[in-house]
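pasted the sequence and its predicted model underneath.
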Amino acid sequence: MSTATSAVGTVSSPAPGRSALARKASALRWGTVVAGVVVWELICLGPLRNNDYLAPPSSVLTAGLPAVLQPDNLLALWQTTSRFLEAFVVVAIVGTILGLVLGRLHRQIFHGARDVVSVLYALPMVPFFPLFVLWLGLGTPSEVAFGVIHGIMPVILMVMTASARIDRNLVTSGQTMGASRMQRLSFIVLPAVVPEIIGALKIGAALSLLGVLLAELMISIDGVGQFIANQVTNHQAAKLDAMVIVVCVGVVVINSLLGLLERRASHWRS
């Protein structure tokens with residue numbers, strides 16, 4: 001009994017030095033951020049002091065950030081955020097379902113579908129944006145669709161590859177017990193690939209936001225893209241950099257939340 005207890009305790013105890021390694025990694029990350037800000041300030045006050053598109057962090061904090069937090073600019077942030085969320089919901093639902101279904105098809109069909117998705121993923125989408133405007137009109141529908149087309153391809157590709165690698169014995173066991181194809185997808189395939197799905201959604205979220213921002217930068221009358229374009233035209237470096245930093249912080253928050261979900265979904269793996 002004592003031997004079993006000690007064995008369990010040995011297995012569940014954290015690896016030696018893991019917490020110290022985590023602290024060192026965190027210190028390195030934050031040290032890199034602080035060093036980058038200091039270098040940025042020195043460069044802007046020195047060699048690039050006359051640059052119209054790069055302001056020192058001190059100016060971004062004191063002049064740019066208060067301007068970005070004005071009601072009109074917060075509305076622009078919300079407009080872009082809502083478009084991104086709409087695009088991401090479509091990417092998460094449609095991309096996951098298509099990936100699961102395509103990954104469980106016959107091997108030859110799977111390889112053909114994977115090649116098609118890979119080619120579509122590699123295509124540059126920016127030249128096709130005028131077609132989205134022509135089909136869906138100027139404004140939110142075309143911008144959301146452009147975000148979806150940017151984010152959905154990697155999600156489909158990663159999910160279908162993960163679902164195709166599932167142990168065939170698990171699926172065969174479910175089929176032997178009378179599970180239908182939908183039940184096998186829902187109760188065997190889906191739980192087995194949840195960590196991979198969340199990892200794919202991390203990439204899909206970043207690319208969906210990129211697609212929305214690109215659409216707003218090219219043809220838009222509102223949103224963050226239109227705000228950035230105005231600041232570039234008017235040489236307002238502090239406001240421009242402040243808005244870019246706010247967007248980057250939002251991306252980090254989203255990525256951190258998805259990373260937390262991914263770790264929780266992977267806790268059963270060694």
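Ah, there it is.

what's the mean pLDDT across stretch 112-131?
Throughout stretch 112-131, pLDDT has a mean value of 86.

no wait, stretch 234-254
88.

same thing with stretch 207-217?
91.

residues touching it, excluding its own?
The contact list for stretch 207-217 (CB atoms under 8 Å, 6 or more residues apart in numbering) reads 80, 83-84, 87-88, 91, 125-126, 129, 132, 142-144, 146-151, 154, 222-226, 228-229, 247, 251. (Glycine included, C-beta is placed from N, CA and C.)

pull out the buried members of the residues you listed.
Buried members of the contacts of stretch 207-217, scored by 16 or more other CB atoms under 10 Å, are 80, 83-84, 87-88, 91, 125, 129, 132, 142-144, 146-151, 154, 222-226, 228-229, 247.

picking that back up, the contacts of stretch 207-217 in helices, which ones?
Taking DSSP state H, the ones among the contacts of stretch 207-217 that sit in helices are 80, 83-84, 87-88, 91, 129, 132, 142-144, 146-151, 154, 223-226, 228-229, 247, 251.

got the confidence number for the nearest residue to A87 once chain neighbours are set aside?
Leaving aside its chain neighbours, A87 sits nearest to G147 (3.2 Å; criterion: CB to CB, 6 or more residues apart in numbering). Listed pLDDT for G147 reads 93.

test my guess that G147 contacts L85.
No - if you go by CB atoms under 8 Å, G147 and L85 don't touch, sitting 9.8 Å apart.

low-scoring stretches of this structure, by residue?
1-17, 266-270 (pLDDT under 70).

just the helices in it please.
Counting by DSSP H, the helices of the chain are 2-12, 18-45, 57-59, 65-68, 71-103, 107-122, 129-136, 140-164, 168-176, 181-184, 190-192, 194-218, 223-234, 237-265.

quick check: buried residues in the third one?
What that stands for is helix 57-59. Neighbour-count burial for helix 57-59 [16+ other CB under 10 Å]: 57, 59.

what's that helix packed up against?
Here helix 57-59 touches helix 18-45, going by 3 or more CB pairs under 8 Å, 6 or more residues apart in numbering; DSSP states H and E.

what residues sit buried inside the helix it packs on?
Neighbour-count burial for helix 18-45 [16+ other CB under 10 Å]: 40-41, 44.

also stretch 91-100?
Quick answer for stretch 91-100 (16+ other CB under 10 Å): 91-92, 95-96, 98-100.

pick the one among these closest to S19.
A92 (33.7 Å; CB to CB).

hmm, I156 and the closest one touching each other?
No - counting by CB under 8 Å, A92 does not reach I156; the two are 11.4 Å apart.

could the buried residues of stretch 91-100 go into TSV alongside distance to Q175?
Output for the buried residues of stretch 91-100, formatted as TSV (distance: CB to CB, whole Å):
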residue	distance to Q175
V91	30
A92	28
G95	26
T96	22
L98	22
G99	21
L100	16
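
ok, V155 - contacts?
Counting by CB under 8 Å, 6+ apart, V155 has contacts 91-92, 95-96, 99, 197, 200-201, 203-204.

one more: L190?
Here L190 is in contact with 100, 197 (criterion: CB under 8 Å, 6+ apart).

could you report the neighbour count for F187?
F187 has 12 neighbouring residues, counting by other CB atoms under 10 Å.

I meant to write V101 there.
Around V101 sit 17 other residues, with neighbours defined as other CB under 10 Å.

look up how far R168 lies from the residue nearest to it when sequence neighbours are not counted.
Distances taken as CB to CB, 6+ apart place L185 nearest to V101, at 7.4 Å, with adjacent residues excluded. To R168, L185 is 14 Å away according to CB to CB, to the nearest Å.

who's more crowded, the two?
Here L185 and R168 are compared on neighbour count by other CB under 10 Å; more neighbours surround L185, at 19 against 8.

verify the stated contact: that one with R104.
Yes - here L185 reaches R104: they are 6.7 Å apart, a contact under CB under 8 Å.

so what's the nearest residue to S118 once chain neighbours are set aside up against?
Spatial nearest neighbour of S118, excluding adjacent residues (CB to CB, 6+ apart): L157 at 6.4 Å. The contact partners of L157, taken as CB under 8 Å, 6+ apart, are 99, 114, 117-118, 121, 200.

going through those, which ones are buried?
99, 114, 117, 200.
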